[in-house]
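Asks: no sequence on this one, just coordinates:
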């Protein structure tokens, strides 16, 4: 079984830096800020009495060093323009006097003004760290209008990265071991082995985290946290930019708190109407489309490892990758040869952004000559594994949040529809042995889902913006079109092959988004932009 994961623009910056390194080698005291008093918030926004202490709390801002989880974030957080704090929220909103969670928050203050308020970001995942992403988006917006007029704010959703309790279901050693397993046997015995492993992962997470934590990490609770954060930051209305899974947070917030919306940007849209089976099959087809685009480009380059005939590139890749099912190849780490799973996931990671295509071609060339180092680096980025062998908790958070958002697929007919559909939609992932019709980890999850597929309905919300890329592999273009219609959003269509597109240096897109975020009351017109190819 191969995991299916959405990603975020934050991962792109990490990917490009890490791959560049591989290619080169081959070649003080806090301050306290008072939030808006509860009695000064508009009547429609007033919290219930049992939540008043959360809405009325003060954030103690201070240096971001203690919030760092990696060497990269430690370096970024050392910049004095950032300050950090913990936001307290109830672990279970049905029991506000019970246990609490703490959300890590990072801020870059507006530089000139007049200040509009806060602009909050979520980079996707689920499981992406908003605190680690903020320095990347800060670099992109520079000293421009958004940095001048807004406090730029990132946060780690409950369970993620520097927030506590942190989702931690597998040790680093166990994650390495899980990645090395290949379940390619479609026989009843092979299905039983795959399901036993999936159940083991669910059982370990339940034993180590507890079902109270696992039952309250979904989007349902994240949007409640987001409303608390909005109020504590002193904003009467929310301005929010969500990438990928962050668009699911945005649409759910619009439904739960329509009266508190100022501006929402949904970039790389997750369609809340689709259940897990439908979204997985469509996402698999999106990645195959991206693989085909990469492969066609590759055939025009000198020494393309996939040959010169675009019609045969998938078969050529299959022949190179499928031999790893029984015979992994060296990766530069004697303890971790490149497995079939890691080879395919390394390719998948590179398909998120077109700038990685040259590195991907080199990685496949390496695989052809029994050198798996570059594809292993790409797979490590996908799994957020550092050079020290330590993992972030992004994959564990992804699993836990996805399971409680989407539920599991247990009905045999639906399992068959899922496994057969994904196998057929993405032949570059093929094992050559047929689909393994096994239930996945979420089918064994110990807590019920807290969300269900539905058409988003948020009547009366102000104008929102949707950015959708025609060749987006992870969140296909049509989802953006449909959700824009559901929410009455203005749609920016982006011609290109990448996952998400806004605030990444394209003037056509960024100028329109900036104008909207500064003045969401001004009517925006649908537009079409093109990313550089």
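Replies: Thanks, I have the structure now. Every value quoted in this text rests on a predicted model; they were computed, and no experiment measured them. Numbering: from 1, shown residues only.
Asks: what about the strands in the protein?
Replies: For the chain, the strands defined by DSSP state E occupy 31-33, 59-61, 82-90, 100-108, 117-122, 150-155, 238-243, 261-267, 465-469, 490-495, 527-530.
Asks: out of those strands, flag the one nearest residue 398.
Replies: In terms of Cβ to Cβ, the element of those nearest to residue 398 is strand 117-122, at 13.6 Å. The way it works is simple: take the backbone N, C-alpha and C, and place the C-beta from them, glycine included.
Asks: what comes into contact with the closest one?
Replies: Contact partners of strand 117-122, identified using Cβ atoms under 8 Å, 6 or more residues apart in numbering, comprise 107, 128, 130, 133-134, 137, 146, 150-155, 157, 226, 229-230, 233-235, 237-243, 245-246, 249, 262, 517.
Asks: so what are the sheet partners of it and their directions?
Replies: Looking at strand 117-122 with DSSP bridges, its partner strands are strand 150-155 (parallel), strand 238-243 (parallel).
Asks: next, the angle from that strand to strand 100-108.
Replies: If you take axes from the mean of the first three to the mean of the last three Cα atoms, to 10 degrees, strand 117-122 sits at 120 degrees to strand 100-108.
Asks: doesn't residue 461 make contact with residue 258?
Replies: Yes. Judged on Cβ atoms under 8 Å, residue 258 makes contact with residue 461 at a distance of 4.8 Å.
Asks: against residue 103, how distant is the nearest residue to residue 186 once chain neighbours are set aside?
Replies: Nearest residue to residue 186, sequence neighbours excluded (Cβ to Cβ, 6 or more residues apart in numbering): residue 434, at 4.5 Å. Distance, residue 434 to residue 103, by Cβ to Cβ, to the nearest Å: 44 Å.
Asks: returning to that earlier point: ok, which of the strands of the chain comes nearest residue 163?
Replies: strand 100-108 (4.7 Å).
Asks: tell me the angle that closest one makes with strand 82-90.
Replies: Using the same axes, to 10 degrees: strand 100-108 against strand 82-90 is 160 degrees.
Asks: ok, residues contacting strand 100-108?
Replies: So strand 100-108 is contacted by 59, 61, 64, 67, 77, 81-91, 118, 130-131, 134, 138, 147, 151-159, 161-165, 225, 229 (Cβ under 8 Å, 6+ apart).
Asks: quick check: mean pLDDT across that strand?
Replies: Across strand 100-108, the average pLDDT comes to 98.
Asks: check stretch 435-446 too.
Replies: Per-residue pLDDT over stretch 435-446 has a mean of 98.
Asks: list the buried residues for that stretch?
Replies: If you call a residue buried by 16 or more other Cβ atoms under 10 Å, then stretch 435-446 has these buried ones: 435, 436, 437, 438, 439, 440, 441, 442, 443, 444, 445.
Asks: just stretch 344-364 next, same as before
Replies: Applying a neighbour-count criterion of 16+ other Cβ under 10 Å, one finds 344-354, 356-357, 359-364 buried in stretch 344-364.
Asks: okay, how far is it across it, tip to tip?
Replies: Using Cα to Cα, to the nearest Å, one end of stretch 344-364 lies 10 Å from the other.
Asks: one more: stretch 179-190?
Replies: Distance between the two ends of stretch 179-190: 17 Å, counting by Cα to Cα.
Asks: quick one: neighbours of the closest residue to residue 213 other than its chain neighbours, just the number.
Replies: In space, residue 213 comes closest to residue 165 once its chain neighbours are excluded; the distance is 5.6 Å by Cβ to Cβ, 6+ apart. By the other Cβ atoms under 10 Å criterion, the neighbourhood of residue 165 contains 17 residues.
Asks: thinking residue 165 is in contact with residue 209, fair?
Replies: Yes. Shown here, residue 165 and residue 209 form a contact pair, counting by Cβ under 8 Å, at 7.3 Å.
Asks: next up, the contacts around residue 385.
Replies: 172, 175, 391.
Asks: returning to what we had before: buried subset of the contacts of strand 117-122?
Replies: Using 16+ other Cβ under 10 Å, the buried ones in those are 107, 128, 130, 133-134, 137, 146, 150-155, 157, 226, 229-230, 233-235, 237-243, 245-246, 249, 262, 517.
Asks: need the pLDDT of the closest residue to residue 144 other than its chain neighbours.
Replies: The spatially closest residue to residue 144, leaving aside those adjacent along the chain, is residue 514, at 7.2 Å (Cβ to Cβ, 6+ apart). At residue 514, the model reports a pLDDT of 98.
Asks: ok, and the closest non-adjacent residue to residue 160?
Replies: With Cβ to Cβ, 6+ apart as the criterion, residue 160 has its nearest non-adjacent residue at 4.9 Å, and that residue is residue 397.
Asks: can you tell me the number of residues neighbouring the one you found?
Replies: Residues near residue 397, counting by other Cβ under 10 Å: 28.
Asks: then the one 3 residues further on?
Replies: By the other Cβ under 10 Å criterion, the neighbourhood of residue 400 contains 29 residues.
Asks: roughly how far apart are it and residue 169?
Replies: 7 Å.
Asks: the more surrounded of residue 258 and residue 461?
Replies: Comparing residue 258 with residue 461 by neighbour count (other Cβ under 10 Å), the higher total belongs to residue 461, at 19 against 15.
Asks: next up, phi/psi of that one, please.
Replies: Dihedral pair for residue 461: phi -70, psi 150, per degrees, to the nearest 10.
Asks: ok, it - contacts?
Replies: Residue 461 neighbours (Cβ under 8 Å, 6+ apart): 254, 258, 261, 264, 487, 488.
Asks: quick check: the gap between the first one and residue 179.
Replies: Just to be clear, that refers to residue 254. From residue 254 across to residue 179, the span is 37 Å (Cβ to Cβ).
Asks: now swap in the third one and tell me
Replies: When Cβ to Cβ is applied, the distance between residue 261 and residue 179 equals 41 Å.
Asks: equivalent analysis for the last one, please.
Replies: Residue 488 sits 43 Å away from residue 179, going by Cβ to Cβ.
Asks: more neighbours, these two?
Replies: More crowded of residue 488 and residue 179, by other Cβ under 10 Å: residue 179, with 21 against 13.
Asks: now stretch 523-533: buried residues?
Replies: For stretch 523-533, a neighbour-count test (16+ other Cβ under 10 Å) marks 524, 527, 529, 531 as buried.
Asks: export those to CSV and tack on distance to residue 384?
Replies: Below are the buried residues of stretch 523-533 laid out as CSV (distance: Cβ to Cβ, whole Å):
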residue, distance to residue 384
524, 35
527, 34
529, 30
531, 25
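Asks: residues in contact with the residue nearest to residue 213?
Replies: Applying Cβ under 8 Å, 6+ apart, we find residue 165 in contact with 91, 101, 159, 209, 213.
Asks: mind running it again at 10 Å?
Replies: For residue 165, the contact set (Cβ atoms under 10 Å, 6 or more residues apart in numbering) comprises 91, 99, 100, 101, 102, 158, 159, 209, 210, 212, 213, 217.
Asks: show me the contacts for residue 505.
Replies: Here residue 505 is in contact with 139, 140, 141, 142, 531, 532 (Cβ under 10 Å, 6+ apart).
Asks: please apply the same query to residue 502.
Replies: When contacts are counted by Cβ under 10 Å, 6+ apart, residue 502 is found next to 9, 137, 140, 241, 243, 265-268, 465, 467, 469, 492, 494, 509-510, 512-514, 529.
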